[in-house]
Every structure is written in C-alpha cells, then in structure tokens.
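Trainee: Give me a 3D structure for the following:
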Amino acid sequence: MKIFDQSYVEAHLPVAACLHIMEQTLKEERQGDCVQYLRTAIDLPNTNVLGLMPAYYERGYFGAKVISVYHTNGGTGYPSHQGEILLFGKEHGEVLAVIDAMSVTKIRTGAVSAVATRALANPDARVLAILGCGAQGHSHLNAMAVSMHLEEVRCWDAYPPCAQALAAAAGEKGLRGVACASAQEAVRDADIICTLTPSKEPILQGTWVKKGAHVNAVGACAPTARELDSDLMACSRIFCDNTESILHESGDFLIPQQEGRYGAEHLRGTVGDVLLGRIPGRKTREEITVFDAVGMAVEDIACGIYLYEQAEEKE
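Mentor: The predicted model follows:
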C-alpha cells in the first residue's frame, strides 16, 4: 500500500496534468466509464460532520474520499476540513493507496473550474475576478493562468490580507493583480468570476455581472447555502458537474427553484456533455453562463489513480 501525503501530492500532481485528467474525467463520467455516487454527510453528536464520497472506475479501481468537517476548529490551529482518499483495486478489493485528500481537492477543484471556463466562457476572456482568496483562490488562479489568456486578476475576500496576498501571487505570474475593497468592485466588467467562499447568503448579485460573463459557483455545497442571488441564476444559462448532485445539494440552484423562479429544466446539463458535443454550451457572446459545481468523488479518485500509476511506473 502506498501513502501519498500533502507534500507528495503537491510535487507530483502538476496543474497542467490535472487539467487533462479533469477534462477526461468529466467526459468519462457521462460516458459511463466511471460511477459517481451521491455523497453521504453524517452529522456527528459533537455538531460536526463526517463526509463519505465514493466512486467506481471501470478501468480497475474504486474508492472514496473520507473527510471530517469541523466548524468547531476555528481558532484552534486545525483546519476545518481534513481527510484521506482511499484507492482500492477493483479485481480483489485491496487498498492500493492512501492519499491526502485536502491537497488533491485543492488542485483538482481549480482545474475543474478551468476546464468548465474553457468550455463556456467567451474565448477572448481576459479579466478574472476571484471572490474568496484562501486555498481555493490560489488553486483557481493557478489553473486559470494555465488554461486562459488572462491579463488581470481582481481579488476580494472578507479578510483583506488574503485578497492582497492573492493579488501579489497574480503579479508573480506576470498578471495585473488588484486587491478590491468589495465583491461588487471585483466583478465590475469581469469576464470570468469564481465564487469560492463559505458564505451561506449571496455574495454575488445579478445586477453586478456584465453580459457575456462566465461564473464558476464553487463555494456553496449544501441545499441551504448559496453564493449567487436568484436574479443571477434566473437570467443565466446553467451547467453543472453532476446533475443528480446539483438537484440534491446545490442551494445556488435549489433556492431560486423553490422560490418559483424556474423549474428543473433551467439546468441545461453537464459540462461533460458539452465537452462531448452532446449539448451546446454558450450560444451567444452576450449570455451569462454559470458552472454550478459541488464536486465529484470521481475527480478525486481519478487523481488518485494518476498518482498511483505514476508511482508504479517509477518502480
């Protein structure tokens, strides 16, 4: 059994490779080459959560990401999310690898958003706005800088030093990094917007978003939480990572639906189907597109397979 800790993952899962892996995974999930199951969130007696996220791959593997979500860790020095990915062999059910889940999640989430952006944004998109400048802010900056021809990155966070740090990181990549005082300032005239916050209430309003923009809604992952307001969701062309998950878990999509703003048909389909040419993505330069993502275990397992097979080849 192999063990891949955080430092190993960060050294052996480069952004360019992860972009390719995630594009293939989004396609494979729609082609039936892997199985994405709904996640299970177990409420613990101490008010925290144990999350179980399983997936199965026809090409020889299955596994699960197992994480603890400890909102009570604030101020303790421990992160709120901790866990591991368990990779099993399909033929005999043996554990092949244990992989640090947080580093994989950080890298692959930005890569998935970048793949969706490449599929849905206008090709001449140059200005990126990032709302939420923690670990996922840096992951999205890294992936977008590789996949898109960016010129400017506008950064906003409820904690201003995080926005300043991300703007500086953008500058180190040769981009114009700007730390903004408000979310509205950050998204003004932005071509691409990434919402990456733990907020349960909207931080992005439809009246702030220009026509033709593309939005990656990533931070909210519960049916009672959202980052985008109802007006934005109602006027946008909505795509997702996994339809079943969105219709069970995405407050961004479900809350406006419950308000009567639209029906389930307002969800156009998955980015995987767009990549396969099964459904159209963006139809006009002026329409606003939204990629609503809650994450898929098949993405985590695909990264685990890549790390395991790369290590096997070196032996």
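Trainee: CA atoms of stretch 71-78 as CSV?
Mentor: The C-alpha trace of stretch 71-78 is given here as CSV (Å, rounded to 0.1, in the frame of the first residue of the first chain):
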residue,chain,number,x,y,z
HIS,A,71,-16.6,24.0,12.0
THR,A,72,-15.6,24.0,15.7
ASN,A,73,-11.9,24.2,14.7
GLY,A,74,-12.0,27.9,14.3
GLY,A,75,-9.1,29.5,16.3
THR,A,76,-7.6,26.1,17.2
GLY,A,77,-4.9,25.9,14.6
TYR,A,78,-6.6,22.9,13.0
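Trainee: contact partners of it?
Mentor: The contact list for stretch 71-78 (C-beta atoms under 8 Å, 6 or more residues apart in numbering) reads N46, T47, N48, Y70, P79, S80. Glycine gets a C-beta too; all of them are placed from N, C-alpha and C.
Trainee: domains for this protein, by residue range?
Mentor: According to automatic domain parsing, the chain comprises the domains 2-104+298-314, 110-295.
Trainee: Contacts only, for M102.
Mentor: Per C-beta under 8 Å, 6+ apart, neighbours of M102: Q6, I67, P79, H81, Q82, G83.
Trainee: just the domains of the chain: most buried one?
Mentor: Ranked by mean neighbour count, those are led by domain 110-295 with a mean of 20 (mean count of other C-beta atoms under 10 Å).
Trainee: which residues sit in contact with E185?
Mentor: Counted by C-beta under 8 Å, 6+ apart, E185 has contacts R154, W156.
Trainee: now it: how far from H92?
Mentor: Noted for E185: a distance of 56 Å to H92, by C-beta to C-beta, to the nearest Å.
Trainee: still on that earlier bit, lowest-confidence entry in the contacts of M102?
Mentor: pLDDT across these is lowest for P79, at 86.
Trainee: Leaving out the residues flanking it, which one is nearest to that residue?
Mentor: Take P79 and drop its neighbours on the chain: the residue closest to it by C-beta to C-beta, 6 or more residues apart in numbering is N73, 6.6 Å away.
Trainee: repeat for L267
Mentor: I238 (5.3 Å).
Trainee: I'd like to know the phi and psi angles of the one you found, please.
Mentor: phi -100, psi 130 (degrees, to the nearest 10).
Trainee: Let me know the pLDDT of it.
Mentor: On pLDDT, I238 comes in at 98.
Trainee: Quick one: the strands in the stretch 1-150 of the chain, in order.
Mentor: For the stretch 1-150 of the chain, applying DSSP state E, counting those that start in this stretch gives strands covering 2-4, 34-36, 40-43, 49-57, 61-69, 81-89, 95-100, 127-131.
Trainee: Could you name the helices and strands sitting against the fifth one?
Mentor: So the one you mean is strand 61-69. strand 49-57, strand 81-89, helix 101-120, helix 297-314 (3 or more C-beta pairs under 8 Å, 6 or more residues apart in numbering; DSSP states H and E).
Trainee: Which of the ones you listed sits closest to R261?
Mentor: helix 101-120 (21.0 Å; C-beta to C-beta).
Trainee: Next, the angle strand 95-100 makes with the closest one.
Mentor: 80 degrees (axes from the mean of the first three to the mean of the last three C-alpha atoms, to 10 degrees).
Trainee: Number the residues from 18 up from this point.
Mentor: All right, first residue 18 from here; so that's helix 118-137.
Trainee: Just give the nearest non-adjacent residue to M250, would you?
Mentor: Using C-beta to C-beta, 6+ apart, the closest residue to M250 is P273 (4.7 Å).
Trainee: part of a strand, is that neighbour?
Mentor: No. Under DSSP: H, G, I helix; E, B strand; the rest coil, P273 falls outside any strand and is assigned helix.
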